[in-house]
Each structure stands twice: as structure tokens, then as C-alpha cells.
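Trainee: take this sequence and fold it.
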Amino acid sequence: MQEKQDSQSRTPGSLGKAHPALKAFMCGSLSGTCSTLLFQPLDLVKTRLQTLQNNAKPGAPKVGMFRVFIHVIRTENFFSLWKGVSPSFVRCIPGVGIYFSTFYSLKQHFFLNRAPNAGEAVLLGAGARTVAGICMLPFTVIKTRFESGFYNYASVPGALRSMYETEGVRSLFSGLTATLLRDAPFSGIYVMFYSQAKRALPQEVTSAPYAPLVNFSCGVVAGIMASLVTQPADVVKTHIQVSPSHWSTADAVRYIYKVVRSCLLRAFWLETGNLVC
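Mentor: Predicted structure coming up:
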């Protein structure tokens with residue numbers, strides 16, 4: 001711990017003199033900028049896939065990720081894959097910074113002299129993500145609407161103004177429950193798997209020159225596991241935030257279940273020629 005503090009005090013420039021929570025905020029904001037630029041097309045495709053069932057026609061072929069990619073490029077243009085990047089920046093740059101600074105502050109307060117166990121890691125990640133998710137929720141809603149293709153907002157301020165004037169303040173916080181049901185478990189599970197995976201590795205591996213690659217691999221595995229668990233909540237969140245009718249979480253779940261059940265029964269009927277009720 002003392003060596004870490006000494007190394008921080010020797011860091012050149014004003015960043016080395018900044019409070020650790022502020023440095024966590026700045027580093028988180030930088031990582032949020034890079035990840036937003038890199039993964040925005042995938043985020044857009046994910047949103048389109050989650051909302052396609054609203055307009056699905058009977059007997060229509062299954063639509064996959066690559067088909068959506070090609071459709072967006074053909075019907076709009078290549079750079080439309082980055083539609084929604086401006087609200088993503090507004091959300092992610094401060095949002096990831098808030099997450100990392102909150103995470104650091106909680107860890108320093110509760111786990112200053114020891115590493116958290118698996119259960120504590122879940123609570124640590126979930127708590128930090130809850131704070132960031134609530135703070136950035138209006139921009140999360142706008143980002144989802146930009147990506148859906150159902151709205152023609154010209155800018156983030158214009159979207160905020162339009163939603164406030166036509167739907168009220170409530171629309172800016174639509175999907176809060178579903179968002180927290182996705183974000184809090186995601187971060188908690190991610191932190192748990194990531195920390196436990198790194199702890200299970202031998203010391204010579206974590207201190208080797210290829211340690212960044214090891215950390216990256218641990219992060220990928222943790223992200224996949226967390227995404228598998230929270231994907232249903234992500235679908236519900238998207239439907240609530242795209243809809244202007246202010247659905248509750250329960251209403252959205254019932255609607256998605258009804259649509260999915262209808263599609264499955266229709267597919268079974270087309271496949272077998274039998275009418276299923």
C-alpha cells in the first residue's frame with residue numbers, strides 16, 4: 001500500500017497530485033470515450049434487434065446481427081452505425097467516470113486493508129453502477145431512442161426538450177427499474193468474476209509482461225457471464241425507453257412474452273402445418 005502511494009506521488013504532472021477518486025473519474029471517462037467510439041455500432045445493432053419484433057411480419061425470416069448491419073448501411077449509410085454516439089458520449093464519459101470514482105471511494109471506505117470476497121465484490125460493483133445509472137438515466141433513454149431509428153431527434157438538447165414538452169419529466173426517467181435490474185447485477189457479477197479470476201491466477205502470470213492481455217481476457221470472460229445473466233432485463237429496458245406510452249416494467253415483460261410466444265407458435269404452425277392455440 002505504501003509503495004502504491006509513493007508511486008502515485010512520483011507521477012509527473014498535475015494528474016499525479018490529484019485525489020485518487022478524481023484520477024479514477026478521469027481514467028474512467030477516458031476509457032468510456034474509447035469504448036463508446038469502438039462499440040457504438042454494436043450497441044446500435046443490439047437496440048435494433050431488440051425492437052425488431054415490434055414490426056415483425058408473419059412468416060418473416062429470422063433477422064440476425066449481420067443482416068441488421070447490412071440493412072443499416074444499405075438503407076442509411078455506413079456512418080449511421082454510429083447514430084446515437086453523441087448521447088452515448090454524454091452518458092458514458094461522465095457515467096463511467098462516476099462509476100469508477102464511486103467504486104474507488106466505496107472500496108477505500110469498506111475494504112481499505114483487504115480485498116473483498118465474491119459476495120462483497122457483487123455489492124461493490126452493483127452499488128457503484130446504481131449511482132452512475134441513476135445519474136445518467138435521461139441520457140440512457142435518449143441514447144436508446146437515437147439507436148432505435150423510431151425517432152428523428154436532431155441533437156441531445158433537442159431530444160431533451162422534445163421529450164420534456166411532449167411526454168413530461170417522467171419520460172426522461174423511463175425504464176429506471178429495468179435499467180437498475182440490468183446495470184446493478186451486471187456490474188456486480190462482472191466485478192465478482194473479474195476479481196475472482198485474477199485472484200485464481202498465479203502471481204507469476206499477473207506480474208508477467210503479458211499481464212495486460214491476461215487482464216483483458218479476464219474482463220472478456222466476466223463481461224460475457226454478466227451479459228448472459230442480465231440480457232432479459234436489457235431487452236425490457238429497451239422496450240420501455242423506446243415506447244412513448246410510459247410502460248411499467250411488468251407491462252413490458254408481459255408484452256415481450258406475448259410477442260415472443262406468438263412468434264414461436266406461428267413458427268411452429270408454419271413448420272408443422274398444425275394450428276396451435
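Trainee: in the stretch 1-150 of the chain, which spans are helices?
Mentor: Assigned helices in the stretch 1-150 of the chain, in chain order: 2-9, 13-17, 20-51, 65-75, 85-110, 118-148 (criterion: DSSP state H, counting those that start in this stretch).
Trainee: and these: which comes nearest residue 201?
Mentor: Nearest to residue 201 among these is helix 118-148 (15.6 Å), distances taken as C-beta to C-beta. All C-beta atoms are positioned from the backbone trio N, CA, C, and that covers glycine.
Trainee: give the buried residues for the closest one.
Mentor: By 16 or more other C-beta atoms under 10 Å, the buried positions in helix 118-148 come out as 120-133, 136-148.
Trainee: so whatever helix or strand residue 231 lives in versus helix 20-51, what angle?
Mentor: Element membership for residue 231 (DSSP states H and E) is helix 211-242. With axes from the mean of the first three to the mean of the last three C-alpha atoms, to 10 degrees applied, the angle from helix 211-242 to helix 20-51 works out at 50 degrees.
Trainee: and helix 211-242, what does it pack against?
Mentor: Judged by 3 or more C-beta pairs under 8 Å, 6 or more residues apart in numbering; DSSP states H and E, helix 211-242 is in contact with helix 20-51, helix 118-148, helix 176-200, helix 203-206, helix 249-272.
Trainee: now do the buried residues in that helix.
Mentor: For helix 211-242, a neighbour-count test (16+ other C-beta under 10 Å) marks 214, 218, 222, 225-226, 230, 233-242 as buried.
Trainee: against residue 123, how distant is residue 188?
Mentor: Remark: distance between residue 188 and residue 123 (C-beta to C-beta, to the nearest Å) = 7 Å.
Trainee: sorry, that was for residue 78
Mentor: 43 Å.
Trainee: what does residue 77 show for phi and psi?
Mentor: phi -170, psi 170 (degrees, to the nearest 10).
Trainee: count of residues packed around it?
Mentor: When counting by other C-beta atoms under 10 Å, one arrives at 10 neighbours for residue 77.
Trainee: before we move on, what about residue 183?
Mentor: 27.
Trainee: what sits against it?
Mentor: 129, 130, 132, 133, 230 (C-beta atoms under 8 Å, 6 or more residues apart in numbering).
Trainee: need the pLDDT of the third one.
Mentor: Read that as residue 132. pLDDT recorded at residue 132 is 91.
Trainee: mind checking how far it is from residue 261?
Mentor: Residue 132 is 35 Å from residue 261, by C-beta to C-beta.
Trainee: also residue 129?
Mentor: From residue 129 to residue 261 the distance is 32 Å (C-beta to C-beta).
Trainee: centroid residue for the chain?
Mentor: The residue lying closest to the centre of the chain (C-alpha atoms, centre = their mean) is residue 183, at 6.8 Å.
Trainee: residue 156 reaches residue 87, doesn't it?
Mentor: Yes - counting by C-beta atoms under 8 Å, a contact exists between residue 156 and residue 87, whose distance comes to 5.1 Å.
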